[in-house]
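> what's the 3D shape of this:
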Amino acid sequence: MAKAQARHHELSEEELKQIVAEADTGGRKPTGVTAAIIAATGIAWSLFQLWFASPLPFVFNIAILNDTEARAIHLAFAVFLGFMAYPAFKRSPRTHVPVLDWVLALVGAFAAGYLYLFYSELAQRPGLPTTFDLVAAVVGLTLLLEAARRALGLPMVILALVFISYIFLGAYMPDVIAHRGASLGKGMNHLWLSTEGVFGVALGVSTSFIFLFVLFGALLETAGAGNYFIMSAMSMLGHFRGGPAKAAVVASASTGMISGSSIANVVTTGTFTIPLMKRVGYAPKKAGAVEVAASVDGQIMPPVMGAAAFLMVEYVGIPYVQVLKHAILPALISYIALFYLVHLEAMKADIRGLPRPPSPHSWQIRLMRTIMTISGVIVLAGIVYWGMGWIKDVAGDASFIVVAVLMFFAYLALLWFSAQQPELHIEDPNDEITELPEVGPTLKSGLHFLLPVVALIWNLMVEELSPGLSAFWATSFMIFILVTQRPILALMRGKGDTLAELHQGFRDLYDGLSIGARNMIAIGIATAAAGIIVGTVTLTGIGLVLTEFVEAVSGGNLMAMLFMVAVICLILGMGLPTTANYIVVSTLMAPVVVELGAQSGLLVPLIAVHLFVFYFGLMADVTPPVGLASYAAAGIARCDPIATGVQAFIYSIRTAILPFMFIFNTQLLMIGIDNLWAFFLTVSSAVLANLIFAAATQGWFLTRSRLYETALLLLVTFSLFRPGFWMDQIHPPYNTVPATRLNELVEAAPANGNLRVWIEGITLEGDEISKGVLLPLGDSAENARARLKQSGLTVMALGDSVQVMMVDFGSRAAKLGLEQGFNVTHIELPAKRPAKEWIFIPTLLVLALVVALQRGRARREAE
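The predicted structure follows:
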C-alpha cells in the first residue's frame, strides 16, 4: 500500500512545470550568464521570425532571405537551443550546461546553418557535394538525431534511423521492399544538402507559419489569456452538475485553440480543474481522464490544430481558410459530446456543482444579465465581422489603416470596461471554495484578449493575406497589448505605479518572446527530423511498398484497410509531438488510403484522408503506455497513469469514430453543402449522433441502459452519421457516363466542385493501374480546358477515349496520382434518387422508442 501511495503521489507545481519543460521546452534551467545567453538566443530567434514574416525586408531592401536560407537559420536556432535546453540524460545537470553540450550546440548550429552559410557555393554545384559538404551533412544529421532524442525521445530517432538504414541498405532488404540503394553522397545530398529531406516542406512550414502561431499563443498566455479562459469557463459552468468537469472541457477547448501541446494544455488547465473535479465527486482517474481527453482534442481544434493546419495547406494544396472550414465541425461536435459525456458521468454518480455567489437579485434578473452578457459578445463579434467587411468594400486598400485605428480605440474601450471589474486571480483549487466567480464581471475582465484573434481572422478572411503575414500582424498587435495593458489599466483604475507597470509590460514581452522560442525548440527539431522520413519516401519509393503491404494484409477489404491504417497511425504516433506525428502519418499512410480507397471506389477529397490519419495519430497522446498527457494528468489527480490513460481512451472513442464517419460522409467536413437547410441538417444530425454515441458508450441515456438499448443507440448513431449507407442499399448512388462527356461536365460543374473520374494506365514504374479519382475543379472558367488547367491537368479526346496529355508538377492532379498517358475510362454522376436524409425519419423513430422505454423505466425506478 505504501508503495502504491508513493507511486501515485500528487505532483507539486514545480514537478508539473518540470514535466512540461522536459517534454516541450527543455528541462534545463541554468543561472547567470548561461541563462542570459539562452534567453537572448530565444529572443533573437523570435525577432528573426518576426522579421522574416514581415514586409520590412522588402520595404528597406535589407536582409531579404529566400525560403531555403530561412529554413537553415531556423533549424540552426532550434538545434543550438535544443542542446542548451534539453539535458542528455535524466542524471545530467539541470542547473548548468556542460562543456560538451556547448560544443555540440555550436557544431550543430553550424551544420544546420550550412545551407545558408554556403548557399551560393552549393548552388553552383548542385548534386555534386564535396568532401566538406558530406562531412557537414553527416555531422549535421547525427547531431539532429541527438537533439531529437533529447527533445522528442527515442521513438522519433528509432523511426528516422530505420528509414536512413533503408536508404543505404536497400539492396540487402527482402525482395518485397528491396531497392538499388544509394551511395553516401547521393543519400546525404538528398537528406541534407537539398530541399527534399530535412530542409523540405515540413521545416519550411515550421519556419513560415508555425513559429509565429506558437509565439502568438505564448504571448497570449503571458498576457493572462489562459487565466481568463479558465475563470470564465468556471464562472459560467461551475454550478451545473459536474460543473468543474464541464469547465475543464470548455477551458481546454479555449486554450487548445492556441496551444501546440496537449501536455501543456493538461497542466495549464488541469492544475485548477482536476482537484475541483475530485472535490465534487469524480473519481481521480476519471477527473484526470476528462482533462486528458479535453486537452488532446485541443489539437484538432482550429485555428492552430497543433500546427498541423499549416502543414495541411502545403500537403493537401488548399488555402488555410479551407482547412479551418473542413476541420471545425468534427472538432466542435467532439467537444460537445465530451461535454455531454461528463454530464452523464455526473448523472450516474449524482455529482453536484459548486455554489453560486449569493446575489440580492432574483434568478430571473441574473439569468437576463448572463444572457445579455453572452449575447453582447456575440453581437460585438457580428458587428466586428460585418462592419469590417463593409469597411473593406468602402475603403478598399485603405481599410487596413481604418481597421487598425478602430481596433486601437476598441482596445482602449475594452480596457476601460475591464478596469471597472475586479482583477482575476486563480485561487488554490485545493483550498475550500465557498462560491464561484460572478459570470458578468469575469467575462468583462478580459474581452481585450479577443482583439488579436479578431485581427488574425480579419487578415486571413477579409484581407486574404497569407497565414504567415496574418500571424505577423496579429502577433504585432499582441505585443502592443502585452506592453501597454498593465500601465493603461493602472492609469484607468487610478492605482499603481504606471512606470513600474510599463516596465513589467516590457518584462512580460521579454518572457513571452523567450517562452515562445523555447516552445518551438521541439517543434523545429521534430519537423526537421520528420523530413528524414519524407526524404526517404521520395528517394526510395517506399510509399508504394506500404500500399502493397496494407492491400495484401487487408485482402482488399475497404473497412479492414481503414482499420489497419488507423492502428498503424496510432503506433507511429506514439511518443511524437503533434507536428511530427502528422508529418509521419501523412507521409506514410495518407497515400495508402488514397490509393487503396480509389481502387475500391472510395473517392474522397484529400483533406478528408489527411484528417483521418491525423486524428488517429493524435490518439497516441492518450493511449497507454506512451501517452504523456495521461502521465501529467495522473500526477495532478494522484492516481495510476495507466488507468488514467485507459479511461481517457474510453472517453476519446467518440473522437476516434469521427474519421470513419467523415471519410464516408464528407458533409461532416462542410463539403458539398450548398444551402442553409443542408447545413442545418448536417450539423444537427452530427451533433445528435455523437451525443447518442457518448450515451451508448457510457451505458446511460435517461437512465442506465440495457444491452439491447445500447445496440439501438449505436444503430441510431451510425444512421445519423452515415445515412447514405442505407440509401445505397435501396438505390445505387452513381450512374456511369462515357468519358467523352468530360469537357461538357467540367464546364457545367459548380465552382470549386469535384468530378468522379475513373482512369487506367501504366505508371512510370511500369505498374498497371485502374482507379477512381475525385478530380477537384477550381472556379468557373471560360472553357473546360482552362478549368482543368487550374487543377494541373491537360487532356485530349482520341475517338471514344480521353487521354491525359500533361500533368503539372506539384499540382492537385499530380497529388491524386494522375500521370501523362493515362486514359479516362468513364465518369460517375450522382444518381437521381430520394435524399439520403429521409433515413433520419425511421432513425428518429427508433430513438423515440429508446427514449420511451427509458423514461418509463426511470419513472418506475423513482417510485
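
> got any ranges where the stretch 751-863 of the chain has weak pLDDT?
Counting by pLDDT under 70, the stretch 751-863 of the chain contains low-confidence ranges at 780-782, 863.

> where do the strands sit along it?
Secondary structure of the stretch 751-863 of the chain (DSSP state E, counting those that start in this stretch): strands located at 754-762, 768-776, 793-798, 801-807, 823-830.

> I'd like to know which of those is closest to Ala349.
Nearest to Ala349 among those is strand 768-776; the distance by CB to CB comes to 46.9 Å. C-betas here are computed from N, CA, C, even on glycine.

> quick one on the thing from earlier: got CSV for the strands of the stretch 751-863 of the chain, with distance to Gln421 and mean neighbour count too?
Output for the strands of the stretch 751-863 of the chain, formatted as CSV (distance: least, CB to CB, whole Å; neighbours: other CB atoms under 10 Å):
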stretch, distance to Gln421, mean neighbour count
strand 754-762, 50, 19
strand 768-776, 49, 18
strand 793-798, 58, 16
strand 801-807, 60, 18
strand 823-830, 55, 17
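
> Of these, which is nearest Ser466?
Short answer: strand 768-776, nearest of these by CB to CB, at 20.9 Å.

> Now do the same contact list for Ala455.
Residues counted as contacts of Ala455 (CB atoms under 8 Å, 6 or more residues apart in numbering) are Met407, Trp473, Ala474, Phe477.

> Now those in a markdown table, please, with extra columns for distance to Glu595, neighbour count and secondary structure.
Below are the contacts of Ala455 laid out as a markdown table (distance: CB to CB, whole Å; neighbours: other CB atoms under 10 Å; DSSP: H, G, I helix; E, B strand; the rest coil):
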| residue | distance to Glu595 | neighbour count | secondary structure |
| --- | --- | --- | --- |
| Met407 | 48 | 19 | helix |
| Trp473 | 41 | 22 | helix |
| Ala474 | 39 | 25 | helix |
| Phe477 | 44 | 23 | helix |
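
> any idea which of those is closest to Ile164?
Nearest to Ile164 among the contacts of Ala455, counting by CB to CB, is Ala474 at 38.7 Å.

> Skipping its backbone neighbours, what lies nearest that closest one in space?
Excluding its sequence neighbours, the residue lying closest to Ala474 (CB to CB, 6 or more residues apart in numbering) is Leu456, at 3.8 Å.

> from what I can see that neighbour touches Ala471, true?
Yes. With contact defined as CB atoms under 8 Å, Leu456 counts as touching Ala471 (6.8 Å).

> between the two, what contacts are shared?
Phe216.

> the more surrounded of these two?
Ranked by neighbour count (other CB atoms under 10 Å), Leu456 and Ala471 place Ala471 first, with 31 against 22.

> Please state the offset of the host helix or strand of the more buried one from the chain centre?
Following DSSP states H and E, one finds Ala471 within helix 467-493. In this view, helix 467-493 has its centroid 25 Å away from the chain centroid, taken as CA atoms, centre = their mean, to the nearest Å.

> packing partners for it?
Under the contact definition 3 or more CB pairs under 8 Å, 6 or more residues apart in numbering; DSSP states H and E, helix 467-493 sits against helix 32-53, helix 211-223, helix 399-419, helix 451-457, helix 498-540.

> Could I get the average pLDDT for that helix?
Average pLDDT, helix 467-493: 89.

> Can you list the buried residues in that helix?
Neighbour counts over helix 467-493 (16 or more other CB atoms under 10 Å) mark 467-490 as buried.
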